[in-house]
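K.L.:
Mind looking at a prediction? Sequence and model below.
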Amino acid sequence: MKSQGNEADHLQLLRDASGAFRPGILMALVGVSGAGKTTLMDVLAGRKTSGYIEGSISISGYPKNQATFARISGYCEQTDIHSPNVTVYESLVYSAWLRLAPDVKKETRQACPFVK
């Protein structure tokens, strides 16, 4: 970046991003390559482990609580292997179970909002 004349210490990937998701409705996030879709989802899901995250994230007007948000939302990454033989719901359940910590008890896993 600096070799191209940009004096900033870091690259801003998202600016003034906002959106709305209806409860119980599957949402597809689409856009051109490099638009920031994965970055946005990683930040919302609490999976972003590098870089700077500035600003606020609100859910229904309240500051986002990661523990609560993780229980009410699901996100399959684009790099996940998706089988044409399972439903979207089954893919989300499988993805959620794989991402739960190994010390999470079976009873707690069963309480996962994606598992009925």
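P.N.:
Perfect, thanks for sending it. Residues are numbered from 1 along each chain as shown.
K.L.:
Listing request: residues of the chain with sub-threshold pLDDT.
P.N.:
Within the chain, the segments meeting pLDDT under 70 span 1-2, 4-6, 8, 74, 78, 109-116.
K.L.:
need the strands for it, in chain order.
P.N.:
58-59, 62-63 (DSSP state E).
K.L.:
As a markdown table, these with mean neighbour count and distance to residue 98 would be great.
P.N.:
Quick note: C-beta positions are derived from backbone N, CA and C, even for glycine. Below are those laid out as a markdown table (neighbours: other C-beta atoms under 10 Å; distance: least, C-beta to C-beta, whole Å):
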| stretch | mean neighbour count | distance to residue 98 |
| --- | --- | --- |
| strand 58-59 | 12 | 24 |
| strand 62-63 | 8 | 28 |
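K.L.:
For residue 91, which of the ones you listed is the nearest?
P.N.:
strand 58-59 (23.4 Å; C-beta to C-beta).
K.L.:
Could you dump the strands of the chain into TSV with distance to residue 41 added?
P.N.:
Output for the strands of the chain, formatted as TSV (distance: least, C-beta to C-beta, whole Å):
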stretch	distance to residue 41
strand 58-59	15
strand 62-63	19
